[in-house]
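Student: mind looking at a prediction? Sequence and model below.
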Amino acid sequence: MHQEIITKFNLLKEKQLSIDITRGKPDTDQLDLSNELLNISIPTYSEDDIDLRNYGEPFGIKEARRLGSELLDAPIENILAGEQSSLLLTYQTVLSNFLFADPVPWKNLQKPKFICPVPGFDRHFMMLEDFGIEAVPVPLNQDGIDLDAFKEVLKEDGEFVGILCVPKHSNPSGDTYSEENLKKMFEIGSKISDKFLFLFDNAYLVHDFLPSPEQKPLWKIATESGVEDQTVITTSFSKISFGGGGISFMATSGHSLDLIKKVRTTMIICPDKINQKRHVEFFKNLDGVKSHMKKHADLVRPKFEIAYSYLEKLPKECGVFSKPTGGYFITYSTSKPIATKVVELCKDLGVLITPAGSTFPNNNDPKDSVIRLAPTYVSKDELEVAMEVFTTSIQVAHYDIDI
């Protein structure tokens, strides 16, 4: 068997490939679905007579906020409509607390810490690092965070200020948090402090491509748990319309809403109201968004099915993989500490994969076992080759074959 793997590895190397599956980006066909946005005709005034071309409305125009209210299932008075990405609003939320949190800004704390489920989103870890906030890892299970580990971690020294996670189709495993898990998270976290922040980057809220677990709207769970003032939920159209050209939404309340408004009043003269109006005219309402996302699903699903078909052929002793029903990523967990070696072997064959360790704070995967795959951006033919490279590299590393 080893000789077959060696032969396949060498044949792949001869192809001098150049394939990049490091990031979960939409492909051209997906972007084409929103091309009408480029030419859509819109009025120059909003429904409440705001000149869209001028300054003002730092928290978004009413019709965009209404669309955000439908998406997040929260009252419009709790909705802010912003720019381009949920990550940007998430960053602004951390910034506002870092500078102005009551009673003590996070910048004045000795050891501010954030809980981060792992494997997780590398950009979240980078963001916290910018502020000098320690990201403390807690294992992620299929139905949400490991609640026992959550309780134990909160007993550590340091000032825990919140938790940051992707609650639906989590990046990179694709897990969706259950209502019970979220309620317990709220219960445990709120006992630490009535200022403990529950920060949800709900970037993949409507990105189902297969039948997915039902999830009660986060805002409803937060209000039923009495923690709406401690909860911030963000989402966006970044991977629904255009990367960097969409609009974003936030749901929050009380002092959390006051903080984000305070920092945005200084930072943002105004959002791109023309782009907000353009998106409202294009999607109309939540049903329009869902209809659009079905078109995305039809393009994304076949690529995940290709990836699954290759991963299923790997010997089970090599590891296990997540099989998400939405989002943009697959997680492969090796049974041996070889993730770094696998990524290096793939690079030698001309296929770039997200660096090993990047789904953990400080790029430190203690087991060196988690690898993130992003199948959407490349063509189906390129993906077939990339998965051939990946599965071959897994076996070379697992069986310690001398190449």
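Tutor: Nice, I can see it.

Student: burial count for Gly132?
Tutor: When neighbours are counted by other CB atoms under 10 Å, Gly132 registers 12. Glycine gets a C-beta too; all of them are placed from N, C-alpha and C.

Student: and it, how far from Leu147?
Tutor: 28 Å (CB to CB, to the nearest Å).

Student: now swap in Tyr399 and tell me
Tutor: In terms of CB to CB, Tyr399 sits 37 Å off from Leu147.

Student: go on, Lys295?
Tutor: Distance from Lys295 to Leu147, by CB to CB: 37 Å.

Student: so for those two, which residue has more residues nearby?
Tutor: Leu147 (17 against 14).

Student: in terms of pLDDT, where does that one sit?
Tutor: pLDDT, Leu147: 98.

Student: which element is the spatially closest residue to it that is not a sequence neighbour on?
Tutor: Counting by CB to CB, 6 or more residues apart in numbering, Leu147 lies nearest to Lys184, which is 5.1 Å off, once chain neighbours are set aside. Following DSSP states H and E, one finds Lys184 within helix 179-192.

Student: contact partners of that helix?
Tutor: For helix 179-192, contacts defined as CB atoms under 8 Å, 6 or more residues apart in numbering pick out 143-145, 147, 150-151, 154, 160, 162-163, 167, 177, 196, 198, 215-216, 218, 221-222, 224-227, 230-231.

Student: mark which of those are buried, thanks.
Tutor: Neighbour counting by 16 or more other CB atoms under 10 Å classes 144-145, 147, 150, 154, 160, 162-163, 167, 177, 196, 198, 215, 218, 221-222, 225, 227, 230-231 among the contacts of helix 179-192 as buried.

Student: give me the subset of those residues lying in helices.
Tutor: Judged by DSSP state H, the subset of these located in helices is 147, 150, 218, 221-222.

Student: let's have these in a markdown table, adding distance to Asp381.
Tutor: What follows is these, written out as a markdown table (distance: CB to CB, whole Å):
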| residue | distance to Asp381 |
| --- | --- |
| Leu147 | 44 |
| Phe150 | 43 |
| Leu218 | 39 |
| Ile221 | 43 |
| Ala222 | 45 |
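
Student: for the residue nearest to Ser236 when sequence neighbours are not counted, give me the pLDDT.
Tutor: Spatial nearest neighbour of Ser236, chain neighbours left out: Ser248 (3.7 Å); criterion: CB to CB, 6+ apart. Note for Ser248: predicted pLDDT of 98.

Student: please enumerate the helices of this protein.
Tutor: For the chain, the helices defined by DSSP H occupy 2-14, 28-32, 62-72, 86-100, 122-130, 147-153, 179-192, 218-224, 254-267, 273-283, 286-311, 339-348, 380-398.
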